[in-house]
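In: next come a sequence and a model predicted from it.
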Amino acid sequence: MTAGILPLNSAMSDFELVTLASQGNRAAFKLLYQSHHQRIYTLSLRLCGHKNMAEEITQECFILVWQKLPQFRGESQFSTWLHSICVNQALSSIRKQQSFWARFIPLENETEPMSSDESYSGLDKLIFKLPQRARMVFVLCAIEGYQHDEIADLLGIAVGTSKTQYHRAKQLLQEML
């Protein structure tokens, strides 16, 4: 049996699925998508705070992953590689949203912020209420485990600014509780 004829199933490892998907096997990519979609969507939503934008980021992320699959060498776990692509894609999309025209037509007027969505509760609901920069730093640091120097590089800010925004987010969350 060749790799293209093997029956696909959800018990296959990410590495096996990536190998097949990088050879053009769409069914293997679909299984990867189904396995990782919710995590990528949740991360995107926490970073941007808006459902529609998170859906777009998730879609763009998986398009980019499909295009870059042949570059995945297996030196890290697929989920780690995917996570890195997602964070970069989300931050890039957020920057685009803040372009010149977005200053005149803010995202808040286009869609309701997620703080009003009843499907989210607890900490996530409070995170959506944080100012954008503080929210991004808090999510990257407290939830995703990035260090302040990594966050500073990703966001193009000083390490001290990252620490300040993280402290601000924690204070605001405490006040909300």
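Out: Happy to help now that I have it.
In: can you list the residue ranges for helices in this protein?
Out: For the chain, the helices defined by DSSP state H cover 14-22, 26-48, 51-68, 78-97, 107-110, 122-127, 132-138, 148-155, 159-176.
In: now mean pLDDT too, for the ones you listed, in CSV please.
Out: Putting these into CSV (pLDDT from 0 to 100) gives the following:
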stretch, mean pLDDT
helix 14-22, 89
helix 26-48, 93
helix 51-68, 93
helix 78-97, 90
helix 107-110, 46
helix 122-127, 82
helix 132-138, 92
helix 148-155, 93
helix 159-176, 93
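In: out of the ones you listed, deepest packed?
Out: For the helices of the chain, the stretch with the most neighbours on average is helix 132-138, a mean of 21; neighbours defined as mean count of other CB atoms under 10 Å. Glycine gets a C-beta too; all of them are placed from N, C-alpha and C.
In: next one: that helix to chain centre, how far?
Out: Mean-position distance between helix 132-138 and its chain equals 13 Å (CA atoms, centre = their mean, to the nearest Å).
In: in terms of secondary structure, what does it contact?
Out: Helix 132-138 sits against helix 26-48, helix 78-97, helix 148-155, helix 159-176, with contacts defined as 3 or more CB pairs under 8 Å, 6 or more residues apart in numbering; DSSP states H and E.
In: closest one to E56 among these?
Out: For these, distance to E56 was read as CB to CB. The smallest value, 6.8 Å, belongs to helix 78-97.
In: just checking, what packs against the closest one?
Out: Secondary structure elements in contact with helix 78-97, counted by 3+ CB pairs under 8 Å, 6+ apart, are helix 14-22, helix 26-48, helix 51-68, helix 132-138, helix 148-155.
In: between these, which one is nearest to T80?
Out: The minimum distance between T80 and the helices and strands packed on helix 78-97 falls on helix 14-22, with 10.3 Å, by CB to CB.
In: okay, angle between that closest one and helix 78-97 too, please.
Out: Comparing the axes of helix 14-22 and helix 78-97 via axes from the mean of the first three to the mean of the last three CA atoms, to 10 degrees yields an angle of 60 degrees.
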